[in-house]
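Novice: Provide a 3D model corresponding to the input given below.
(one chain, ligands or ions: 2)
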Amino acid sequence: MAGRRTFTMIKPEAVAAGHAGKILDLIISRGFRIVAMKYTRLSHKEAGAFYAVHQERPFYGELVDYMASGPIYAAILEKDNAVEDFRKLVGATDPANAEAGTIRKQFAESKAKNAVHGSDSDDNALIEGHFFFSSRECY
Ligand code: IDP
Ligand code: MG
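Specialist: Ligands and ions are numbered 1, 2, ... in the order given. Coordinates of the predicted model:
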């Protein structure tokens, strides 16, 4: 059975552009409940650890620099079928390929600076949520 939780980040360029409120409004209006949330900034080392699964990919260095470049919102979200439904709301990695109505279509700058993160599996949702939050920060 699909899990009920996923993990998201509103990435630095979307926060800097002032899109965080609209993105959160969209997420909540689609039926996701916020279980935990914080406004924070990843160090270079932390961003490298978070994205360690991508360390062999050519864009890893660029991705780590970008994700450490400014503050983000990190959150755990809850809904039936959370991971899959949130990925649908987020849209394709490259906003040029994202469907109308998705977060990336509306708010992403580019394939690299694509506004939001969404976990790709229940296992990764748990790992990524634990990266930012202790159990006493989840409600
Ligand atoms: P996803 O966020 O849609 O799951 P992934 O392939 O897991 O996409 O890549 C993680 C993140 O790495 C993307 O969200 C994006 O910020 C960045 N990224 C992906 N592909 C590229 C690329 O070709 N150039 C630069 N950055 C990229
Ligand atoms: Mg991914």
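Novice: Tell me if I'm right that residue 24 and residue 39 touch.
Specialist: No: with contact defined as CB atoms under 8 Å, residue 24 does not reach residue 39; the gap is 11.3 Å. Where C-beta positions appear, they are placed from N, C-alpha and C, glycine not excepted.
Novice: which residues are in contact with both of the two?
Specialist: Residues touching both residue 24 and residue 39 (CB atoms under 8 Å, 6 or more residues apart in numbering): residue 73.
Novice: And those two? Which one has more around it.
Specialist: residue 24 (17 against 12; other CB atoms under 10 Å).
Novice: what bits of this protein have low per-residue confidence?
Specialist: Scanning the chain for pLDDT under 70 picks out 1.
Novice: Tell me where it has helices.
Specialist: Assigned by DSSP state H, the chain shows helices spanning 12-16, 20-29, 44-50, 60-67, 82-90, 103-107, 122-132.
Novice: Next, format those as JSON lines and append distance to residue 73.
Specialist: Formatted as JSON lines, the helices of the chain follow (distance: least, CB to CB, whole Å):
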{"stretch": "helix 12-16", "distance to residue 73": "7"}
{"stretch": "helix 20-29", "distance to residue 73": "6"}
{"stretch": "helix 44-50", "distance to residue 73": "14"}
{"stretch": "helix 60-67", "distance to residue 73": "13"}
{"stretch": "helix 82-90", "distance to residue 73": "14"}
{"stretch": "helix 103-107", "distance to residue 73": "13"}
{"stretch": "helix 122-132", "distance to residue 73": "10"}
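Novice: Return the residues in contact with the residue nearest the centre of the chain.
Specialist: Residue closest to the average C-alpha location in the chain (CA atoms, centre = their mean): residue 117, at 2.3 Å. Applying CB under 8 Å, 6+ apart to residue 117 gives the contacts 7, 8, 9, 11.
Novice: Closest one to residue 137 out of those residues, please.
Specialist: In terms of CB to CB, no member of those lies closer to residue 137 than residue 7, at 12.8 Å.
Novice: ok, the closest one touching residue 120?
Specialist: No: with contact defined as CB under 8 Å, residue 7 and residue 120 do not form a contacting pair (10.2 Å).
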